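**Student:** pasting the sequence and the predicted coordinates here, then a few questions.
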Amino acid sequence: MGNGEKHGMLPAEIRRLLQGEILIDLAFLPDDVIGAKGRIFIDAGLEAVWNSLTDYDNLSRTLPKVVASRVVARNGNEIILEQTGRTGIFFFEKTVNFRLKVTEKDPQRIEFQQESGDFSVYRGAWILEPAPKGNGTLLTYEAELKPDFFAPPILVSFVQRQDLPGILRAHKHRAETLSRDPA
């Protein structure tokens, strides 16, 4: 990422997103933490994307690998969310449970941090930006994660590379559906 580029992305990255690519970047951070970033272009306005992301009680219906999701407390723009998900690949499949503190910051940023659960580190944000020329939304997911159970960083990285495109595609599908049929 350069300094001051629009959307914090290079023009080539924006072009790839507008052509339908999903961009995934993974990083090995200190203490076996994995940094994950995913980006996608959604042909819907910010409001539809926001509504898809914040429909917390229905995420298990719209997102792959989310088994259960429910709001347990809400105080203004702060939400406590309990989720159960499936993670892993092949013979290494595990059910994970966690409680997130979610902070909604205007209609363009949702931050989350695990309060308790199966990760020693799980924090990040969803960032919504108007696409160039005002058509659609660029959605970015950024997270740092480290399971609290044995999982080598290379495996965690591989699982993120496998799962993140499906999650982003599901939000794209849901937001574009909401945009066409706002009922």
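**Tutor:** Everything's here; your move. Residues are numbered from 1 along each chain as shown.
**Student:** Gly117 touches Thr95, doesn't it?
**Tutor:** No: with contact defined as Cβ atoms under 8 Å, Gly117 and Thr95 do not form a contacting pair (11.4 Å). Every residue, glycine included, has its C-beta placed from N, CA and C.
**Student:** between the two, who's got more neighbours?
**Tutor:** Neighbours around Gly117 and Thr95, counted as other Cβ atoms under 10 Å, are more numerous at Gly117. The numbers are 17 against 12.
**Student:** can you count the residues close to the closest residue to the more buried one other than its chain neighbours?
**Tutor:** Residue nearest to Gly117 in three dimensions, not counting chain neighbours: Phe98, with 2.7 Å by Cβ to Cβ, 6 or more residues apart in numbering. Applying other Cβ under 10 Å, we find 18 other residues in the vicinity of Phe98.
**Student:** quick check: Phe98 touching Gln83?
**Tutor:** Yes: the criterion here is Cβ under 8 Å, and Phe98 meets it with Gln83 at 5.9 Å.
**Student:** spit out the contact partners of the nearest residue to Ser116 once chain neighbours are set aside.
**Tutor:** Of all residues not flanking Ser116 in the chain, Arg99 sits nearest, at 4.8 Å (Cβ to Cβ, 6+ apart). Listed by Cβ atoms under 8 Å, 6 or more residues apart in numbering, the contact partners of Arg99 are Val72, Ile80, Leu81, Glu82, Gln83, Gln114, Glu115, Ser116, Gly117.
**Student:** out of those residues, which end up buried?
**Tutor:** When these are checked for burial by 16 or more other Cβ atoms under 10 Å, the buried set is Leu81, Glu82, Gln83, Gln114, Gly117.
**Student:** any idea what the most centrally placed residue in the chain is bridged to?
**Tutor:** A centroid search over the chain (Cα atoms, centre = their mean) returns Tyr141, at 4.2 Å, as the residue closest to the centre. Beta-bridge pairing of Tyr141, defined through DSSP bridges, involves Gly38, Trp126.
**Student:** who's in contact with it?
**Tutor:** Taking Cβ under 8 Å, 6+ apart, we find Tyr141 in contact with Ala36, Lys37, Gly38, Arg39, Gly124, Ala125, Trp126, Ile127, Leu164, Ile167, Leu168.
**Student:** the fifth one: neighbour count?
**Tutor:** Put plainly, it is Gly124. 21.
**Student:** my guess is it meets Leu164, correct?
**Tutor:** No: using Cβ under 8 Å, Gly124 is not in contact with Leu164, being 11.4 Å away.
**Student:** could you check the pLDDT of Pro132?
**Tutor:** Note on Pro132: pLDDT of 85.
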